[in-house]
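K.L.:
Could you look at this predicted model? Sequence included:
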Amino acid sequence: MAHPSMAHAGATLTIDLAAIRDNHRQLKEIAGGAVCAAVIKADAYGLGASRVAPALEDAGCDTFFVAHIGEAIALRPHLNPTTRVIVLHGPPPGTGPDFVAHDIRPVLSSREQIQAWSRLATRLGRPLDAMLQVDTGMSRLGLAPDDVIGLADQPGMLDGIRVCGVMSHLACADDPQHPANAEQHSRFVEALRLLPPAPACLSASSGIFLGADFHFDMVRPGAALYGIAPVPGRANPMSPVVRLQARIIQTRTVPAGAAVGYGYTHRTTSPRRIATVSVGYADGYLRALSGTGCAHIGDVRLPVIGRVSMDTITLDASDVDEHHLQPGASVELIGPKTSVDDVARSAGTIGYEILTSIGNRYHRVYAH
Ligand SMILES: *Cc1c(COP(=O)(O)O)cnc(C)c1O
């Protein structure tokens with residue numbers, strides 16, 4: 001994906017690859033001895049998988065998860081040939097040969113997927129790697145308990161399949177007190193007992209913080225690698241990864257009673273200095289941040305007033321010295337003063353959605 005130059009873009013997104021590597025090291029340490037894979041679906045949560053994955057390889061990460069086969073194929077040329085690429089959604093009907101051609105492993109979540117993968121292995125006359133996923137309570141993807149018992153009774157269903165892992169996914173790991181964690185854990189252990197021996201993988205970012213019982217042989221964080229707080233409400237131990245600095249296009253002084261933005265939703269109650277900044281919802285600066293988001297110039301907070309437009313926001317810049325408000329000057333939207341989680345809170349969503357909404361109009365800088 002080609003991104004605009006700094007001079008041509010409305011904002012600069014800085015992605016700190018060293019911080020991502022640092023977060024990987026930290027998560028690996030907390031997971032004490034477990035393999036630390038990395039989830040880089042949705043273009044590494046909007047940060048650029050083709051840059052993020054090689055940086056993580058440098059930190060010793062050799063296993064990557066994506067959601068779709070298309071994502072896996074796009075990523076393959078950027079990775080070492082020995083690096084494992086695993087597709088969470090498994091093979092859509094008819095795509096098995098594409099997995100084989102690009103050396104990509106599926107997660108198999110249904111009897112049908114297992115049958116098709118086994119048939120393909122038989123046809124090719126060689127074993128094919130795959131992970132198995134069991135549903136332990138989330139009712140999203142994975143073999144149902146009856147399917148697992150069925151597999152235990154008919155191990156021939158797995159003919160030709162080299163089971164390189166067994167996984168499940170926690171629904172409530174971000175709430176350490178939630179009873180679902182222990183319940184899913186015990187269902188997972190039961191499934192492991194019934195299935196062929198293979199490395200076990202249960203936890204994503206938040207699950208890693210549930211303690212050693214949840215680490216098994218492999219963990220697969222996404223969000224925490226990218227600096228999102230893994231345990232909401234607790235101090236965030238991860239290094240911040242993203243910085244977003246946007247440009248002022250124009251400033252103006254308006255009198256008391258002036259309307260600001262679409263729908264005239266904001267009215268000034270006193271004379272105000274307004275800065276219009278070239279970021280909008282088309283860039284992933286969500287419209288839900290209308291009247292709730294904020295920017296910073298140095299230590300000064302500039303509230304977003306009025307609605308977020310497609311390409312612009314309007315800030316109350318009355319408290320900022322005029323020399324900071326020249327056209328082209330920059331304001332911080334994500335950075336030391338405002339974390340991704342802070343932006344999410346203002347928008348009524350989660351950090352995941354803030355990152356994955358990032359568009360392609362920002363100038364991008366990858367810091368090493
Ligand atoms: C997205 C996803 C992950 C990564 O989750 P984070 O909370 O971002 O760490 C792991 N496993 C599965 C199955 C996922 O869908």
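P.N.:
Structure received.
K.L.:
which parts of the stretch 151-300 of the chain sit against the ligand?
P.N.:
169, 204-205, 220-224 (C-beta under 6 Å from any ligand atom). Every C-beta, even on glycine, is put in place using the N, C-alpha and C of the backbone.
K.L.:
of those, closest to Ala2?
P.N.:
Using C-beta to C-beta, Gly222 comes nearest to Ala2 of these, at 25.0 Å.
K.L.:
Near that closest one, how many other residues are there?
P.N.:
Applying other C-beta atoms under 10 Å, we find 20 residues neighbouring Gly222.
K.L.:
Then Arg301?
P.N.:
Arg301: 15 surrounding residues under other C-beta under 10 Å.
K.L.:
ok, now the one 10 residues further on?
P.N.:
When neighbours are defined as other C-beta under 10 Å, Asp311 has 17 of them.
K.L.:
Which residues are in contact with the closest residue in space to it that isn't next to it in sequence?
P.N.:
Setting aside the residues directly before and after it, Asp311 is nearest to Gly280 in space (C-beta to C-beta, 6 or more residues apart in numbering), at 4.2 Å. For Gly280, the contact set (C-beta atoms under 8 Å, 6 or more residues apart in numbering) comprises 308-313.
K.L.:
of all the residues you listed, which comes closest to Ala200?
P.N.:
The closest of the contacts of Gly280, once distances to Ala200 are taken by C-beta to C-beta, is Val308, at 44.0 Å.
K.L.:
I'd like to know the phi and psi angles of that closest one, please.
P.N.:
Dihedral pair for Val308: phi -70, psi 130, per degrees, to the nearest 10.
K.L.:
hang on, the earlier thing: kindly indicate the member of the contacts of Gly280 with the most neighbours.
P.N.:
Of those, with other C-beta under 10 Å as the count, Ile313 tops at 28 neighbours.
K.L.:
can you pull up the bridge partners for it?
P.N.:
Beta bridges link Ile313 to Val277, judged by DSSP bridges.
K.L.:
was I right about it contacting Ala275?
P.N.:
No: the criterion here is C-beta atoms under 8 Å, and Ile313 misses it with Ala275 at 9.1 Å.
K.L.:
Find the nearest non-adjacent residue to Gln326, please.
P.N.:
Going by C-beta to C-beta, 6+ apart, Gln326 has Ile248 as its nearest residue, at 7.2 Å.
K.L.:
Which residue ranges of the stretch 151-300 of the chain form helices?
P.N.:
Counting by DSSP state H, counting those that start in this stretch, one finds helices in the stretch 151-300 of the chain at the ranges 180-194.
K.L.:
related to what we said a few turns ago, thought Glu332 was touching the residue nearest to Gln326, still the case?
P.N.:
No: counting by C-beta under 8 Å, Ile248 stays clear of Glu332, with 12.0 Å between them.
K.L.:
neighbour-wise, which of those two wins?
P.N.:
The neighbour comparison of Ile248 against Glu332 (other C-beta under 10 Å) goes to Ile248, with 21 against 18.
K.L.:
what's the strand or helix carrying Ala72 packed up against?
P.N.:
Using DSSP states H and E, Ala72 falls within helix 69-75. In terms of contacts (3 or more C-beta pairs under 8 Å, 6 or more residues apart in numbering; DSSP states H and E), helix 69-75 is packed against helix 41-45, helix 49-58, strand 63-66, strand 84-87, helix 96-101.
K.L.:
same thing but 10 Å
P.N.:
helix 41-45, helix 49-58, strand 63-66, strand 84-87, helix 96-101, strand 105-108 (3 or more C-beta pairs under 10 Å, 6 or more residues apart in numbering; DSSP states H and E).
K.L.:
and it, how far from the chain's centre?
P.N.:
Centre-to-centre, helix 69-75 and its host chain are 16 Å apart (C-alpha atoms, centre = their mean, to the nearest Å).
K.L.:
anything in it near the ligand?
P.N.:
No: Helix 69-75 lies out of reach of the ligand by C-beta under 6 Å from any ligand atom, never closer than 12.1 Å.
K.L.:
so how far is Leu79 from Val242?
P.N.:
For Val242, the distance to Leu79 equals 23 Å [C-beta to C-beta, to the nearest Å].
K.L.:
brain fart, Gly142
P.N.:
Taken as C-beta to C-beta, the span from Gly142 to Leu79 is 26 Å.
K.L.:
wait, is Gln26 part of a helix?
P.N.:
Yes: under DSSP: H, G, I helix; E, B strand; the rest coil, Gln26 sits within a helix.
K.L.:
Enumerate every residue touching it.
P.N.:
Under the criterion of C-beta atoms under 10 Å, 6 or more residues apart in numbering, the contact list for Gln26 reads 36, 208, 224-225, 237-239.
K.L.:
How about the stretch 251-368 of the chain: which residue is closest to the ligand?
P.N.:
The ligand sits closest to Tyr352 of the stretch 251-368 of the chain, with a gap of 6.4 Å, by C-beta to the nearest ligand atom.
K.L.:
which residues touch the spatially closest residue to that residue that is not a sequence neighbour?
P.N.:
Nearest non-adjacent residue to Tyr352, counting by C-beta to C-beta, 6+ apart: Ala223, 5.7 Å away. Contacts for Ala223 (C-beta under 10 Å, 6+ apart) come out as 23, 39, 45, 174, 204-206, 229-230, 238, 340-341, 350-352, 355-356.
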